[in-house]
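*Asks:* what would the 3D arrangement of this be:
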Amino acid sequence: MAATPQNPAASAPRRKVSRHRGEGQWAMGHHTPLNGNEQFKKDDDGLNVRTRIETIYSKRGFDSIDPNDLRGRMRWWGLYTQRKPGIDGGKTAVLEPEELDDKYFMLRVRIDGGRLTTRQLRVIGEISQEFARGSADITDRQNIQLHWIRIEDVPEIWNRLEAVGLSTTEACGDCPRVVIGSPVAGIAEDEIIDGSWAIDEIHDRYIGSKEFSNLPRKFKTAISGSPLLDVVHEINDVAFVGVEHPEHGPGFDLWVGGGLSTNPKIGVRLGAWVPLAEVPEVWAGVVGIFRDYGYRRLRTRARLKFLVADWGPEKFRQVLQDEYLKRALVDGPAPAEPVSRWRDHVGVHRQRDGKFYVGFAPRVGRVDGATLAKIADLAEAHGSGRVRTTVEQKMIVLDVTEDQVESLVEALEALDLTARPSPFRRGTMACTGIEYCKLAIVETKQRGSALIDELERRLPDFDEPLTINLNGCPNACARIQVADIGLKGQLVLDDQGNQVEGYQVHLGGALGLEAGFGRKVRGLKVTAEELPDYVERVLKRFQAERADGERFATWASRAGEEALS
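*Replies:* This next block holds a predicted model:
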């Protein structure tokens, strides 16, 4: 029939009708895998790959590994292939995975709460020296990462770790990763509540369980009862923050939906107070929501923060209570502002039992196996059997008697592990970078270390708390958006028009005090070579222009673009 003004639809093109697949949310009945990652998880649980590693791959070698295990399921046991040496950052997004893969692995040792005995630390150091070419990095999630691991050696490494109570179980993958906790839990004089029991319960009940081994993506947890707010709770999927309830006493304020990467979001309070005994149950409820309602269609939207943003805290709390806990949560107060601008526990501090803990700063988290063993020896020689890692890539020796403190500080100093660092040594951290990471575009560890030296030389009297975070790519493993000076690695043009390594600059990010993301000055990028000059210039302007007592983040948020360039 010919189209007429009375029947305009007759000439319109016929629209193809397709069945809406939703976001892949299991609770909505969408169980069909909508991408390759969801397919391989459905085909076989990531935890099952351990048997194949032990019985097949470790005996037949790297080339025998199934691709879905190699670049997928092996992460559930803390294993990533590392970057093949010699591939520059310009090829990171161009080459296929098999072209970037080296035949060696990064192995992540899971350290819940950052808690280690000296025996455990010594074993990690020995494994590093024997199987990992001496490599060892302390991460900003309290783990220790080793490199140059051969698949043939993995079963023996597991045996040695598990013999001292350590593991790599779910250290990576779409599952509940390490539970970070206050490194001074149970010993700090000012602690509101000790969350150690809850960390242990979560680990023992749920880690390695298939109840939560297939989540939409990774899931990050933080638990701390410290008034320093020392576990970056604002950027975790779920966080339990120590508070004092006016009627019920000490417990935890519940936060959900934080995370960084390319779509950063600060977590939100649910307004609920959780007693210590209920933390594992509430944690499992939040993880259950993520498992059942989390978005599984696009990997870029498969984090809990997107669901929380769409639902809002009120709906999230209601679903948690009605469908998962089957009871109402108690309303509670927000945490107070942290009592210090440094939250890393570096320095000498008195414990509640009268002994002391000594926090010290490696260079951007980089140590080595021999140094880890020496730290264990030093701790024991000074009467301690316990050490801790922190979320700032630092370490702590606990339980030191007063008469042993100065001797320990001096011995650590001899290893270039200072307990009295400059603000630059104390506040600079870096991700793995292009040396090992297949996603990285630029180098970070050596550059961060060199930057510390330059700034200490150029600005010896600078004494303000300051964070400088270097990241090798946009994924923000080193938390660039919430640093005073965040440096996101990318390729930039130098004065001669050559493409070189450099950074996009984020300024004025913060956690704890007025948490928020740093600003990006339009077009502001610096080459790696120019980096020390740039940071020196900005810090001198800050010193000249700041109001009395003003923090760098506050100044950077109000300063003109010319002052920040």
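
*Asks:* now the strands: where do they sit in the stretch 151-300 of the chain?
*Replies:* 176-181, 219-224, 238-245, 249-256, 268-274 (DSSP state E, counting those that start in this stretch).

*Asks:* and Thr390, which of the ones you listed is closest to it?
*Replies:* strand 176-181 (9.1 Å; C-beta to C-beta). (Each C-beta comes from the backbone N, C-alpha and C, glycine too.)

*Asks:* Serialize the strands of the stretch 151-300 of the chain to a markdown table and add fields for mean neighbour count.
*Replies:* Formatted as a markdown table, the strands of the stretch 151-300 of the chain follow (neighbours: other C-beta atoms under 10 Å):
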| stretch | mean neighbour count |
| --- | --- |
| strand 176-181 | 28 |
| strand 219-224 | 27 |
| strand 238-245 | 24 |
| strand 249-256 | 23 |
| strand 268-274 | 21 |
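
*Asks:* would you turn these into JSON lines with distance to Ile207 and mean pLDDT?
*Replies:* JSON lines is the format used below for the strands of the stretch 151-300 of the chain (distance: least, C-beta to C-beta, whole Å; pLDDT from 0 to 100):
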{"stretch": "strand 176-181", "distance to Ile207": "6", "mean pLDDT": "98"}
{"stretch": "strand 219-224", "distance to Ile207": "10", "mean pLDDT": "98"}
{"stretch": "strand 238-245", "distance to Ile207": "14", "mean pLDDT": "98"}
{"stretch": "strand 249-256", "distance to Ile207": "19", "mean pLDDT": "98"}
{"stretch": "strand 268-274", "distance to Ile207": "20", "mean pLDDT": "98"}
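
*Asks:* buried ones in stretch 84-99?
*Replies:* Ile87, Gly89, Thr92 (16 or more other C-beta atoms under 10 Å).

*Asks:* give me the below-cutoff pLDDT ranges for the stretch 151-300 of the chain.
*Replies:* Within the stretch 151-300 of the chain, no stretch has pLDDT under 70.

*Asks:* rewinding a little: out of the strands of the stretch 151-300 of the chain, the one nearest Gln25 is which?
*Replies:* The nearest among the strands of the stretch 151-300 of the chain, by C-beta to C-beta, is strand 219-224 at 15.8 Å.

*Asks:* so the closest one versus strand 249-256, what angle?
*Replies:* Angle, strand 219-224 to strand 249-256, by axes from the mean of the first three to the mean of the last three C-alpha atoms, to 10 degrees: 160 degrees.

*Asks:* quick one on the thing from earlier: any chance of the strands of the stretch 151-300 of the chain in CSV with distance to Gly385 as columns?
*Replies:* Below are the strands of the stretch 151-300 of the chain laid out as CSV (distance: least, C-beta to C-beta, whole Å):
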stretch, distance to Gly385
strand 176-181, 19
strand 219-224, 23
strand 238-245, 26
strand 249-256, 28
strand 268-274, 32
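
*Asks:* determine which of those strands approaches Arg141 most closely.
*Replies:* Going by C-beta to C-beta, the one of the strands of the stretch 151-300 of the chain nearest Arg141 is strand 176-181, 5.6 Å.

*Asks:* so that closest one versus strand 219-224, what angle?
*Replies:* 10 degrees.

*Asks:* helices along the stretch 1-150 of the chain, start to end?
*Replies:* 36-43, 49-52, 58-60, 67-70, 97-100, 118-131 (DSSP state H, counting those that start in this stretch).
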